[in-house]
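> Build the 3D model from these lines:
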Amino acid sequence: MNRRRLLQISIVGALSAQGSLPLLAASNKNGKGGRTWGGDNRFIEPAAIEPITGFLPDFSPLTVGAMNRDFSAIYRLVRQYGQAGGVAKNFDCGSLELAFSGNTCQTSETRIKTDGMHNTVRIEHEFRGEYNTASSWSLVSTIVDRPEARLAESGSWDGNTMTVQSNSWTNSYPTGKLLIARYALLPLLASGKLKKAPLQFDLLEECALRRDQTIRYAGETEIPIGGGSATLDSYAHTGYGSVPTHYLVDEAGRLQLITMQTVNWALSALT
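Residues are numbered from 1 along each chain as shown. Sure, this is the predicted structure:
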């Protein structure tokens with residue numbers, strides 16, 4: 001994924017605040033009054049939809065359900081593998097199921113390879129407070145027909161130190177900011193509270209720690225979809241050890257798309 005434009009503007013933003021990200025570029029007008037997504041090279045801008053331009057013509061945003069309370073959601077895993085004619089080459093290869101209830105979130109992520117082998121990671125974590133900070137979690141990773149590859153880990157955070165353990169080891173890592181699991185970000189984005197000020201935090205990704213992360217509201221972005229276009233709020237996420245990520249949220253707080261270069265998620269069900 002070409003992030004040159006995003007990184008160029010990020011350098012300017014970093015002069016005033018660590019982790020600053022740009023407002024995403026608006027679509028350019030072509031000579032006939034229509035829109036060209038990113039000008040002459042649709043594979044470059046806007047960065048938020050760059051890796052899924054081949055998928056978007058078949059995408060229809062959901063118009064029911066909410067994510068600012070208990071909810072269940074299913075996302076399609078949309079892979080990006082190269083591009084053709086300035087448009088991303090996309091294909092489905094898995095799913096993500098989430099269920100939020102009270103202060104608990106359960107996720108099941110499945111990735112399917114072309115040879116039929118698939119990996120499933122199931123996580124349950126408890127969170128607390130205004131920003132859904134991590135409390136404790138457990139993870140089980142399995143590969144079909146490969147019982148020897150099963151992995152089980154668990155962890156906790158006491159506000160200062162993240163501890164992760166398996167059957168054979170225990171490791172501890174100091175944290176400098178709020179520790180928030182990746183998918184615990186969804187209700188925060190749905191609430192709209194991150195529009196007001198950037199969120200700086202440490203990211204819990206499965207059982208790994210990614211320090212010094214920032215999510216910043218990046219304005220509205222218009223995207224082409226099946227049958228027309230849609231305008232969504234865009235949030236840009238960058239940080240140490242993380243792939244630059246965009247979260248696209250509709251006016252009702254539904255997180256419709258998550259783009260992360262080769263791995264992208266599209267909302268397909270919400271209750």
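
> low-scoring stretches of the stretch 101-250 of the chain, by residue?
Across the stretch 101-250 of the chain, nothing is flagged by pLDDT under 70.

> show me where it has helices.
Assigned by DSSP state H, counting those that start in this stretch, the stretch 101-250 of the chain shows helices spanning 185-191.

> Strands of the stretch 51-200 of the chain, start to end?
Taking DSSP state E, counting those that start in this stretch to define them, one finds strands in the stretch 51-200 of the chain at 71-84, 87-101, 104-112, 118-128, 133-143, 151-157, 161-165, 170-174, 179-181, 199-205.

> Distance to Ala230 added to the ones you listed, as a markdown table?
In short, each C-beta sits where N, CA and C put it, glycine included. Shown next, in a markdown table, are these (distance: least, C-beta to C-beta, whole Å):
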| stretch | distance to Ala230 |
| --- | --- |
| strand 71-84 | 16 |
| strand 87-101 | 18 |
| strand 104-112 | 26 |
| strand 118-128 | 30 |
| strand 133-143 | 32 |
| strand 151-157 | 37 |
| strand 161-165 | 38 |
| strand 170-174 | 40 |
| strand 179-181 | 27 |
| strand 199-205 | 24 |
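
> just these: most buried one?
strand 179-181 (a mean of 24; mean count of other C-beta atoms under 10 Å).

> So which elements touch that one?
Contacts defined by 3 or more C-beta pairs under 8 Å, 6 or more residues apart in numbering; DSSP states H and E place strand 179-181 against strand 118-128, strand 133-143, strand 199-205.

> give me that answer again for 10 Å
With contacts taken as 3 or more C-beta pairs under 10 Å, 6 or more residues apart in numbering; DSSP states H and E, strand 179-181 sits against strand 118-128, strand 133-143, strand 151-157, strand 199-205, strand 208-225.

> Next, format those strands as TSV and append distance to Gly102.
Formatted as TSV, the helices and strands packed on strand 179-181 follow (distance: least, C-beta to C-beta, whole Å):
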stretch	distance to Gly102
strand 118-128	9
strand 133-143	12
strand 151-157	18
strand 199-205	19
strand 208-225	24
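
> how about the ones you listed, which one is nearest Thr110?
Proximity to Thr110 (C-beta to C-beta) singles out strand 118-128 among those, at 4.7 Å.

> Packing partners of the closest one?
Using 3+ C-beta pairs under 10 Å, 6+ apart: strand 118-128 touches strand 87-101, strand 104-112, strand 133-143, strand 151-157, strand 179-181, strand 199-205.

> Let me have those strands in CSV, extended by distance to Tyr75.
Listed next are those as CSV, based on distance: least, C-beta to C-beta, whole Å:
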stretch, distance to Tyr75
strand 87-101, 4
strand 104-112, 9
strand 133-143, 18
strand 151-157, 22
strand 179-181, 16
strand 199-205, 16
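
> so which of those strands gets nearest Pro187?
Taking the helices and strands packed on strand 118-128 one by one with C-beta to C-beta, strand 87-101 is closest: 6.6 Å.

> Can you give the strand pairings for the closest one, parallel or anti for each?
strand 71-84 (antiparallel), strand 104-112 (antiparallel) (DSSP bridges).

> could you redo these as JSON lines and give each row distance to Val140?
Formatted as JSON lines, these follow (distance: least, C-beta to C-beta, whole Å):
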{"stretch": "strand 71-84", "distance to Val140": "19"}
{"stretch": "strand 104-112", "distance to Val140": "10"}
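
> List just the one of the ones you listed that sits closest to Pro244.
Nearest to Pro244 among those is strand 71-84 (13.6 Å), distances taken as C-beta to C-beta.

> Restrict that closest one to CA atoms and write it as PDB.
The C-alpha atoms that make up strand 71-84 are tabulated as PDB, following Å, rounded to 0.1, in the frame of the first residue of the first chain:
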ATOM      1  CA  PHE A  71     -23.900  -5.400  20.100                       C
ATOM      2  CA  SER A  72     -22.800  -8.300  17.800                       C
ATOM      3  CA  ALA A  73     -21.100  -7.700  14.500                       C
ATOM      4  CA  ILE A  74     -19.600  -9.700  11.600                       C
ATOM      5  CA  TYR A  75     -17.000  -8.300   9.300                       C
ATOM      6  CA  ARG A  76     -15.700  -9.800   6.000                       C
ATOM      7  CA  LEU A  77     -12.000 -10.100   5.600                       C
ATOM      8  CA  VAL A  78     -11.100  -8.300   2.300                       C
ATOM      9  CA  ARG A  79      -7.500  -9.100   1.200                       C
ATOM     10  CA  GLN A  80      -5.600  -6.800  -1.100                       C
ATOM     11  CA  TYR A  81      -3.100  -8.400  -3.400                       C
ATOM     12  CA  GLY A  82      -1.500  -6.000  -5.800                       C
ATOM     13  CA  GLN A  83      -3.400  -3.800  -8.200                       C
ATOM     14  CA  ALA A  84      -4.500  -3.700 -11.800                       C
END
